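Colleague: Next come a sequence and a model predicted from it.
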Amino acid sequence: MSYKKLAVLLLCIPLENAISAERISIEVSVVHFCPFICIDKTVSGFTVEIVDEIFKWHNIDVAFQEMPWARGVKESLKGGIAGMLAPSKGEAEGLVFPSLPIGMQKNCFFKKSTNPWQYKSADDLANVQTIVFTNWSHESDLMSFMAKKGKVYDQHFTSINYSGDYYPRAINMIMKDRANAFWADPSTLSNYLDKTPATQALNLVNAGCISASFVYLGISPKTELPMEAMYVEGITRLRESGRLDEILKKYKVTDWSTESEIHFQ
C-alpha cells in the first residue's frame, strides 16, 4: 500500500481506530541528547518512547536513525525520511511542527555554588568567561551583542563541540577556575551527573537561563501520512491516561505543559 493510499484511509477513519491494513515503517532521524534521545542499549530517551508508542497504535513502526543534525534536517525537508527529533521551531525551518510539543529544551548556565555570579541578562556575560557548545543557538546573537559592547566574542566564550566529552571537559574547566560558567540543559546535565559517580560530590548550581524553547517531532513536509494529526491525538491520549507521566518519570523529567518559553532579549 502506498503512503498516499494509506493517508486517505487514515484520514477517513477516527484516529483512535485508524489502524492500517498492513504494517509499514518510516524513518525518523535522531542525535544523542539524553534524556530526550539516548543512543545506547539500555534506554532510548523519552521523546523516542513517546513517538514509538504513538505510531505503533497506527500499525506504523518507526526506525530511529542516528545521523548528523544538518543531514537530518536536509533529509526531512526533501522527504528522504519522515521527520526528526527533536528540534525547536528555529532549528529546522521548513519542517511541519505539530501544535503540541514533545519537550522543552533550556539554555542555562551552571557554576560552582561558591561563585556569586548570576545570569539575569546578556550584560552579565560581558565580563566573565563562559563555556558553550560550538554553533549553539545564541552564538550569532551574542556575537552582535559583544561587538556593540566593544568586546570580542571569542575572548569571553570558549566553544567546545557537543559530543560525549562536552560535560566532563566543561566541568573540569569550571573546577579549575578556567571559566565562570558553562552552558547546559538542566535535564541533560542531570542525566550525565547521575551516570557519572565521580561527579556526585560536585556542587554545581543553575545560575540562570538565557532561553527555553519547546521542541517537537519535526515532520517532513513531503510525507503523505497524517503524522501531525496522529501525533497530536496520541500525545493528548498519553497525557490524559497518565502514561506520559510514567514515561517521563523514568527519565526524571516533568511534563512541560505548564511551562512557558523564555526568549532571549
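Modeller: Alright, I've got the coordinates. Numbers count the residues shown, from 1 in each chain.
Colleague: Kindly provide the distance from the residue lying closest to L193 once chain neighbours are set aside to C108.
Modeller: Closest residue to L193 apart from its sequence neighbours, by C-beta to C-beta, 6 or more residues apart in numbering: T199 at 4.9 Å. To be clear about C-beta, it is placed using only N, CA and C from the backbone, and glycine gets the same treatment. Distance, T199 to C108, by C-beta to C-beta, to the nearest Å: 17 Å.
Colleague: Over to D154?
Modeller: For D154, the distance to C108 - C-beta to C-beta - is 22 Å.
Colleague: So for the two, which residue has more residues nearby?
Modeller: Higher neighbour count among D154 and C108: C108, with 20 against 10, using other C-beta atoms under 10 Å.
Colleague: so after whichever strand or helix holds that one, what's the next helix or strand?
Modeller: C108 is part of strand 103-112, with elements assigned from DSSP states H and E. Using DSSP H and E, the next helix or strand after strand 103-112 towards the C-terminus is strand 130-133.
Colleague: For the longest strand that the chain contains, the averaged confidence score.
Modeller: The single longest strand within the chain, with elements called by DSSP state E, is strand 204-215. When pLDDT is averaged along strand 204-215, the result is 96.
Colleague: After that strand, heading C-terminal, what element do we hit next?
Modeller: Next along the chain after strand 204-215, taking DSSP H and E as the criterion, comes strand 217-219.
Colleague: That next one packs against which elements?
Modeller: helix 69-78, strand 83-85, helix 227-241 (3 or more C-beta pairs under 8 Å, 6 or more residues apart in numbering; DSSP states H and E).
Colleague: Tabulate these in CSV, adding columns for mean pLDDT, mean neighbour count and distance to L189.
Modeller: Compiled in CSV, the helices and strands packed on strand 217-219 are given as follows (pLDDT from 0 to 100; neighbours: other C-beta atoms under 10 Å; distance: least, C-beta to C-beta, whole Å):
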stretch, mean pLDDT, mean neighbour count, distance to L189
helix 69-78, 94, 18, 20
strand 83-85, 97, 28, 19
helix 227-241, 98, 17, 25
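Colleague: ok, E139 - contacts?
Modeller: 132, 153, 157, 159 (C-beta atoms under 8 Å, 6 or more residues apart in numbering).
Colleague: quick revisit: thought the residue nearest to L193 was touching N191?
Modeller: No - between T199 and N191 there is no contact under C-beta atoms under 8 Å: 11.5 Å.
Colleague: Neighbour count for these two, which is higher?
Modeller: Neighbour count, other C-beta under 10 Å: between T199 and N191, N191 has more, with 22 against 16.
Colleague: So the more buried one versus Y166, what's the distance?
Modeller: 13 Å.
Colleague: Then A82?
Modeller: 29 Å.
Colleague: Name the residue in the two with the higher neighbour count.
Modeller: Using other C-beta under 10 Å as the criterion, A82 and Y166 rank with A82 on top: 26 against 20.
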